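> Structure for the following, please:
(2 chains)
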Amino acid sequence: MEKSATEDFLIRMFREYYKGTRLYLPNEFTHREFGFMFFKGGYVQRHLGFKTRNEVKRFLLDRAPSHVYYSSAYYERPGAGTMDEKGWLGADLIFDLDADHIPRVKGLPFERQLHEIKLELMSLVDDFLLDDFGFAEDDLLITFSGGRGYHVHVRSPSVRSLTGPERREIVDFIQGTGLEAESAFRKKAIDRTHFGSIFTLEMPKHDDGGWSSRVHKGLMDFVGRLEQMPKEEALEKLGEFEGIGEKTAGEIYSSLFEGEAGVRGVDRLREGRFDFFPKDSYRNHLVKVAVKHTLGTYRRQVDEPVTADIRRLIRLPTSLHGKSGMRVVILQRGEVDDFVPLRDAFPGAFGSDPVEVVLEQDVSITLKEEKINLHEGITDVPEFAAVFLMCRGLAKLSQKEERK
Amino acid sequence: MARFPFLEDASEFIRGERPTLEELLLHPAYEEVRRDGMSRVRTALEEGRIPDGETRTEADFLRELLSYPIARMIVSGVGDAYLIRRYSLAEAEKARRNMTSEDNDFISHVAKDLGMDFRMDGLVLLHFSDYLRYSVQMKSKDWKLVNQRLADGYVRLGRDRFVRVLQEAIQRRMESELPLAVNDQILGALEDKIAEIDKLTEEKKEQYKVEDMGRIRITRIPPCMRDLIRAIQLGKHIPHTGRFALTAFLHNIGLSSDDIFRLYSLSPDFQEGKTKYQIGHISGEISGTEYTPPECSTMQSYGLCPGPDDLCKRIKHPLNYYRIKGKKRG
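Take a look at the predicted model:
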């Protein structure tokens, strides 16, 4: 049960895959840097440039790498050894959604994590990239990463030359970082006196765009939920927010919901009015609550360093992920909803013939819609599952297979 | 047009109608133009502004317009990065002031010349990529993209803000165009003027004290970093450890790589490529890792701590100094 025998098996399987696959190559691939990792030897080999599709193919067949990356950047000389010599020409805008960066999925089972991240992806694409940023669907290349997440490559010419700090602003936008209540609730002078102007706050409108629209939705949603709750529960809910004590919670509640139906605070709020609070401080508390609730509901989390880095290497679509044996799958937006990685991302090259493996521990997982319950020790599994378990470090090739 | 000499149609006008380079440089009829060009540069350097020339008569108009290429030739003859920056800033600031009194059609015209992707009717819709390009260095929170009304790729802006964005774009265009290639004929004809501005630039850089750092509050910077900045501005050599600490510090308090680069450009042993690389490395743009400056104890062991002030005694890290000072002042 030599470790190297397992690696040799994986190398053979990966080579088999690359032999029969028409590999995806990014636009202007001759201007991209390529990088690889291998089953044997832990270093990234990078600073490689290729002139033809054939060169790439030959490299993959020769070396059968465990991981294949290309640069989001375009370079004059992608093969040059230092960044200075490469001559940066621009870069795609990349988003990486990964289980590691989305706190709410931590600790969930693998299948569940993948599902939750898919929901994040759909919201990132639909609400932010297509709606707010106005990209066309054709500008986006969506992929399943082969591991625990998804990537979005944006190739609109308008983003190519953006610098790191500019890209970080885009991340901040998506994550709602630095969102100020005043940007959604604008101050409006209602009266000017000798001492200066008296201001009121304007309600954000649903069609304001960007976070203003979201804050509008968030406020309405929050207040709507309060309205549905028994008073006690609503007061408790309000009290959960920082700075709101029992008294303030009560005042906010009665400003919103007491009085005759049709002319209560909440009714005026729905008309876009915001001037029914007996005290500005109650209003200001509700503003803060609305912003907080909005952020909690609508912010999306992406891996900031990946997006901000204008020289990043990113997994090549249609290559194999060396820690899962799954493909980096290209997805149209319409295909995302029904995509299930553990069902759909195994390459056809890995068949179902039994392979004898040695498991280090009990394993229970659903692959290709088949529930697999395996015990520690020697056991037969279908080829694709063998690759998966070996890549993840859960299994080794048995001695019997080695002798084959 | 004379008030916006950087526009494409202004240079076309000059190319099409008017004097040859030789006439402009040497003919007595253009003596006043040359003097005006000189005063453009001098006031930019000394006062950070460009004088408002007369544009009432056609002669005034022409003089004002032609003084611009002269000014650029002088700046290029000196070829100093600090001068180029200061001059471009002043020209852009002047353009902004002038734009505020122009109508929307004209502002549209300027924005088109600058290659902006925008739509304008009352409010302005500016593509977010252009918005980011020219606003990212503005540190105030209400410029952050997250606080803009962004829909369908376009940021909704008031006219004043749009003009402010244009100012930034104008400044960048000017900085990127300078220095122009100046031949011997130009250098010869403007010799005295170039020499005078050269001398003035050097004096100005001498005086260019720590207080001039613009976007960041100098009073919030701890003594160690203040000393390092002063050393660079006075053209003193600082050790590698000092450069690393200062660059990481400035990056962490939000200075852009460009601004940090500008600061180092005052340094006597300034090397453009190397400096850019180092800043890029420390800020994470190249390395992918953003560095933070060393903590106080390390600064002390590097010999970079000039001795603590009262606040220093309560903290262990230079960045905390900046944060605490910021909170106090709000």
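
> Nearest to the spatial middle of the chain, which residue is it?
I went with chain A, as the question did not name one. residue A:97 (2.2 Å; Cα atoms, centre = their mean).

> right idea, wrong chain: chain B
A centroid search over chain B (Cα atoms, centre = their mean) returns residue B:85, at 4.5 Å, as the residue closest to the centre.

> Quickly check: stretch A:87-95 near chain B or not.
No - Stretch A:87-95 stays clear of chain B (Cβ under 8 Å from any Cβ of the partner chain), getting no nearer than 9.8 Å. All C-beta atoms are positioned from the backbone trio N, CA, C, and that covers glycine.

> Now do the SS call for residue B:125.
strand (DSSP: H, G, I helix; E, B strand; the rest coil).

> Could you tell me how many residues sit around residue B:189?
Neighbour count for residue B:189, taken as other Cβ atoms under 10 Å in any protein chain shown: 19.

> So what does it look like in phi/psi?
Per-residue torsions, residue B:189: phi -70, psi -30 (degrees, to the nearest 10).

> Leaving out sequence neighbours, find the closest residue to it.
Excluding the flanking residues, the one nearest residue B:189 by Cβ to Cβ, 6 or more residues apart in numbering or on different chains is residue B:25, at 3.9 Å.

> Quick check: the one you found touching residue B:185?
Yes - under the criterion of Cβ atoms under 8 Å, residue B:25 makes contact with residue B:185 at 6.7 Å.

> of those two, who's got more company?
The residue with more neighbours, out of residue B:25 and residue B:185, is residue B:25; 18 against 12, by other Cβ under 10 Å.

> Around chain A, which positions in chain B sit nearby?
Counting by Cβ under 8 Å from any Cβ, the positions of chain B adjacent to chain A are B:117, B:127-129, B:132-133, B:136-137, B:141-142, B:144-154, B:156, B:256-257, B:273, B:277, B:280, B:283-286, B:288.

> List buried residues within the residues you listed.
The neighbour count (16 or more other Cβ atoms under 10 Å in any protein chain shown) marks B:117, B:127-129, B:132-133, B:136-137, B:144-151, B:153-154, B:156, B:256-257, B:277, B:280, B:283-286 as buried among the residues of chain B next to chain A.

> ok, which residues in chain A are in contact with chain B?
A:83-84, A:131-135, A:158-159, A:161-166, A:169-170, A:172-173, A:176-180, A:182-183, A:208-213, A:305, A:308-312.

> of all of the stretch 301-404 of chain A, which residue lies closest to chain B?
Residue of the stretch 301-404 of chain A nearest chain B, by Cβ to the nearest Cβ: residue A:309 (5.3 Å).

> tell me the domain boundaries of the chain?
Reading this off chain A. A:22-176+A:301-340, A:182-298, A:354-402 (automatic domain parsing).

> wait, I meant chain B there
B:8-98+B:174-204, B:100-167, B:208-329.

> mind checking the end-to-end distance for the shortest one?
Start and end residues of domain B:100-167 are separated by 11 Å (Cα to Cα, to the nearest Å).

> Model confidence for residue A:404, exactly?
Per-residue confidence at residue A:404 stands at 68 (pLDDT).

> need the next SSE after the helix or strand where residue A:216 lies, C-terminal direction.
Using DSSP states H and E, residue A:216 sits within helix A:210-228. Per DSSP H and E, helix A:210-228 leads on to helix A:231-239 as the next helix or strand towards the C-terminus.

> From the chain's centroid, how far away is stretch A:322-341?
In terms of Cα atoms, centre = their mean, to the nearest Å, the centre of stretch A:322-341 is found 13 Å from the chain centre.

> Name the nearest residue to the residue in the stretch 201-330 of chain B that chain A sits nearest to, sequence neighbours excluded.
Nearest to chain A in the stretch 201-330 of chain B, going by Cβ to the nearest Cβ, is residue B:285, at a distance of 4.5 Å. Excluding the flanking residues, the one nearest residue B:285 by Cβ to Cβ, 6+ apart is residue A:164, at 4.5 Å.

> Could you give the number of residues near that neighbour?
By other Cβ under 10 Å, 22 other residues sit near residue A:164.

> and if you look at residue A:273?
12.

> distance of it from residue B:314?
48 Å (Cβ to Cβ, to the nearest Å).

> Residue ranges in chain A under the pLDDT threshold?
Scanning chain A for pLDDT under 70 picks out A:1-3, A:191-198, A:404.

> wait, isn't residue A:170 in contact with residue B:148?
No - assessed by Cβ under 8 Å, residue A:170 is found out of contact with residue B:148, at 11.8 Å.

> and the host helix or strand of residue B:68, what other elements does it pack with?
Using DSSP H and E, residue B:68 sits in helix B:58-78. Judged by 3 or more Cβ pairs under 8 Å, 6 or more residues apart in numbering or on different chains; DSSP states H and E, helix B:58-78 is in contact with helix B:8-17, helix B:21-26, helix B:31-47, helix B:81-100, helix B:184-189, helix B:191-207.

> between those, which gets nearest to residue A:378?
Minimum separation from residue A:378 across those (Cβ to Cβ) falls at helix B:81-100, 70.7 Å.

> any idea of the angle that closest one forms with helix B:31-47?
Relative orientation of helix B:81-100 and helix B:31-47, computed by axes from the mean of the first three to the mean of the last three Cα atoms, to 10 degrees: 100 degrees.

> Output the below-cut-off pLDDT ranges for chain B.
Low-confidence segments of chain B (pLDDT under 70): B:1-2, B:14-18, B:139, B:206-216, B:234-237, B:267-270, B:328-330.

> Save the domains of chain B as a markdown table, and put in distance to residue A:7 too.
Shown next, in a markdown table, are the domains of chain B (distance: least, Cβ to Cβ, whole Å):
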| stretch | distance to residue A:7 |
| --- | --- |
| domain B:8-98+B:174-204 | 52 |
| domain B:100-167 | 45 |
| domain B:208-329 | 28 |
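
> looking at these, which is closest to residue A:219?
Using Cβ to Cβ, these put domain B:100-167 closest to residue A:219, at 16.3 Å.

> and the gap between the closest residue to residue A:149 other than its chain neighbours and chain B?
Leaving aside its sequence neighbours, residue A:149 sits nearest to residue A:98 (Cβ to Cβ, 6+ apart; 3.8 Å). As judged by Cβ to the nearest Cβ, to the nearest Å, residue A:98 and chain B stand 16 Å apart.

> so who does residue A:98 touch?
Applying Cβ atoms under 8 Å, 6 or more residues apart in numbering or on different chains to residue A:98 gives the contacts A:117, A:145, A:147-149, A:303.

> can you put those residues in TSV and add secondary structure and neighbour count?
TSV is the format used below for these (DSSP: H, G, I helix; E, B strand; the rest coil; neighbours: other Cβ atoms under 10 Å in any protein chain shown):
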residue	secondary structure	neighbour count
A:117	helix	24
A:145	coil	22
A:147	coil	20
A:148	coil	20
A:149	strand	25
A:303	coil	19
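
> Noted, bye for now.
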